[in-house]
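Undergrad: With the input below, show me the fold.
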Amino acid sequence: MRHRNTTKTLGRSMTARKALLRDLATSVIVYEKIKTTETKAKSVRPVVERLITRAKKGDLATRRYLLSYFPTEEPVNKLLEVLGPRYKDRKGGYTRITKLGVRKGDGAPVAQIELV
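TA: Numbers count the residues shown, from 1 in each chain. Below you'll find the model as predicted:
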């Protein structure tokens, strides 16, 4: 029974869910705007916020942490060189979720998550 388990499973096992969130976070960081389902956008938001907050520090330990999270260097470099300095004075709230309606095929609510 799942009494009081608050994690959104997104219909996936733990490893598949972690991979999905990592890939969504990579896309949000690299492209700064993606379109996905509302639930996935709400699930990836805290992941992206934590990564940007971590990147604001910008030291070697941060780079190594981010390299252990992402499979490639592209999002790590963007976080440390572009997004970290951009949000240096901001205390949080780096992302915005905008609802776009429903998807034509299956009626799933679609949202856009973007960096502010």
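Undergrad: all helices for this structure, in order.
TA: In the chain, the segments counted as helices under DSSP state H are 14-31, 38-55, 60-69, 74-78, 84-86.
Undergrad: would CSV of those helices with mean neighbour count, mean pLDDT and distance to residue 96 be doable?
TA: The way it works is simple: take the backbone N, C-alpha and C, and place the C-beta from them, glycine included. Shown next, in CSV, are those (neighbours: other Cβ atoms under 10 Å; pLDDT from 0 to 100; distance: least, Cβ to Cβ, whole Å):
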stretch, mean neighbour count, mean pLDDT, distance to residue 96
helix 14-31, 16, 97, 11
helix 38-55, 18, 97, 9
helix 60-69, 14, 97, 22
helix 74-78, 18, 97, 18
helix 84-86, 15, 95, 15
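Undergrad: and of those helices, who's closest to residue 114?
TA: Nearest to residue 114, of all the helices of the chain, is helix 14-31, at 7.7 Å by Cβ to Cβ.
Undergrad: got the angle between that closest one and helix 60-69?
TA: Angular relation of helix 14-31 and helix 60-69 on a 0 to 180 degree scale: 120 degrees, by axes from the mean of the first three to the mean of the last three Cα atoms, to 10 degrees.
Undergrad: How about residues contacting helix 14-31?
TA: The contact list for helix 14-31, computed with Cβ atoms under 8 Å, 6 or more residues apart in numbering, reads 9-10, 12, 34, 36, 40, 43-44, 47-48, 51, 69-72, 74-75, 78-79, 83, 95, 113-115.
Undergrad: Keeping just the C-alphas, turn that helix into CSV.
TA: Output of helix 14-31 as CSV, limited to C-alpha atoms (Å, rounded to 0.1, in the frame of the first residue of the first chain):
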residue,chain,number,x,y,z
MET,A,14,12.5,4.3,-9.9
THR,A,15,15.4,4.0,-12.3
ALA,A,16,13.3,5.0,-15.3
ARG,A,17,11.9,7.9,-13.4
LYS,A,18,15.3,9.2,-12.5
ALA,A,19,16.5,8.9,-16.1
LEU,A,20,13.4,10.7,-17.3
LEU,A,21,13.9,13.6,-14.8
ARG,A,22,17.6,13.8,-15.7
ASP,A,23,16.8,14.0,-19.4
LEU,A,24,14.0,16.6,-18.9
ALA,A,25,16.4,18.7,-16.7
THR,A,26,19.1,18.5,-19.4
SER,A,27,16.6,19.7,-22.0
VAL,A,28,15.4,22.6,-19.8
ILE,A,29,18.9,23.7,-19.1
VAL,A,30,20.2,23.4,-22.7
TYR,A,31,17.2,24.8,-24.5
